[in-house]
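*Asks:* what's the 3D shape of this:
(one chain, ligands or ions: 1)
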Amino acid sequence: MMYNLLKGKRGIITGALDQNSIAWKVAEKAHEEGAEFVLTNAPIAMRMGEINALAEKTGSKIVPADATSVEDLTNLYIQSQEILGGKIDFVLHSIGMSVNIRKKIPYAESNYDYFMKGIDVSALSFHKMLAVAKKLDAISEGGSVVALTYMAAQRTYPFYTDMADIKAMLESIARSFGYHYGLEKKVRINTVSQSPTKTTAGSGVKGFGDFFDFANSVAPLGNADAESCADYCITLFSDLTRMVTMQNLFHDGGYSSTGVSDEVMKRLGIESES
Ligand SMILES: NC(=O)c1ccc[n+]([C@@H]2O[C@H](COP(=O)([O-])OP(=O)(O)OC[C@H]3O[C@@H](n4cnc5c(N)ncnc54)[C@H](O)[C@@H]3O)[C@@H](O)[C@H]2O)c1
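*Replies:* All right, here's what the predicted structure looks like:
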């Protein structure tokens, strides 16, 4: 679908690791909708080199940046404005990593060095991206910033361990910064709470496959895939949502509002009495 929703807009897209990445789909859609943007990822993630194919496909440049480094992020905004020829209209934060999850450490036994690392990479990086942008006045008035999150910030999913707390912080930063940046520059900041999605980060979570099927059988529309998530992000970058800010927006096929579904009841062997 092409509506030119982002025609003339300049962006920064983080987190495209491979074709499964949500950010990869956002980049493809943003390109289709007429945006120009810079792709960025941690220098270490670039070694695999897959991002080059995306850059070629979308006619974009790559500026490596570790999202935990204020210095790297400063360089990212300066370079991006030079490359794109002006202030930035939209930013996607699509960065998440928990060492505790990777090492399959149960929540109550969380290693605190790993916990701090997870906070820095997955939540504080969002504050840093916003703080650097604000300091450099790098985002244009009415610009839109979106970060991806998960519903474990509101309800407990035991296997999501420390990322639950980290996502709660991420969502809080969107509200807090959304106030300050909104007041000053009308910059909008929202989080999109996405269904379980088959990506590198997603599949790292213990029992992901079974949980993916469970969520799919709860949500009346089924799980939202990466492509539909990208479509939703595009609407948030567009001017059509110019008054939406400081929100956590569920993009999950109705999962978050469903208590139980007939399908789950059936699977449990509980038949309807009527
Ligand atoms: N996959 C899911 O089930 C799911 C569900 C809801 C929300 N999300 C969120 O979506 C976002 C994107 O994840 P994804 O599922 O597309 O997986 P992904 O593994 O493709 O993307 C995660 C990205 O984070 C990047 N990253 C890690 N450390 C970094 C650092 N220090 N600096 C810069 N970049 C760094 C990785 O290189 C990678 O590109 C994450 O915030 C994730 O928590 C994912």
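*Asks:* wait, what's in contact with the closest residue to A35 other than its chain neighbours?
*Replies:* Distances taken as CB to CB, 6 or more residues apart in numbering put L6 closest to A35, at 3.7 Å, once the chain neighbours are dropped. Bear in mind the C-beta positions are built from the backbone N, C-alpha and C, glycine included. L6 is in contact with A30, E33, G34, A35, D89, F90, I234, F237, S238, counting by CB atoms under 8 Å, 6 or more residues apart in numbering.
*Asks:* got it, and H127?
*Replies:* Applying CB under 8 Å, 6+ apart, the residues contacting H127 are I173, F177.
*Asks:* what about the strands in the stretch 51-200 of the chain?
*Replies:* For the stretch 51-200 of the chain, applying DSSP state E, counting those that start in this stretch gives strands covering 61-62, 88-93, 139-149, 188-194.
*Asks:* check whether the least confident helix or strand in the chain by mean pLDDT contacts the ligand.
*Replies:* Sorting the helices and strands of the chain by mean pLDDT, DSSP states H and E puts helix 200-203 at the bottom, at a mean of 86. Yes - on the criterion CB under 6 Å from any ligand atom, helix 200-203 is in touch with the ligand at T200, A201, G202.
*Asks:* now do stretch 8-23
*Replies:* Yes - shown here: stretch 8-23 in contact with the ligand (CB under 6 Å from any ligand atom) through T14, G15, L17, S21, I22, A23.
*Asks:* and the stretch 51-200 of the chain, which of its residues are near the ligand?
*Replies:* So the stretch 51-200 of the chain meets the ligand at 66-68, 94-97, 121, 148-150, 194, 196-197, 199-200 (CB under 6 Å from any ligand atom).
*Asks:* out of these, grab the one that's most surrounded.
*Replies:* Greatest neighbour count in those, by other CB atoms under 10 Å, goes to T149: 29 neighbours.
*Asks:* so what's it bridging to?
*Replies:* Assessed by DSSP bridges, T149 has beta-bridge partners S193.
*Asks:* my read: it touches F250, true?
*Replies:* No - the criterion here is CB atoms under 8 Å, and T149 misses it with F250 at 9.7 Å.
*Asks:* picking that back up, give me the contact list for the least confident helix or strand of the chain.
*Replies:* L17, D18, N20, S21, G96, M97, P196, F208, G209.
*Asks:* buried residues in it, which are they?
*Replies:* A201, G202 (16 or more other CB atoms under 10 Å).
*Asks:* after that helix comes which helix or strand?
*Replies:* The helix or strand immediately downstream of helix 200-203 is helix 208-218, counting by DSSP states H and E.
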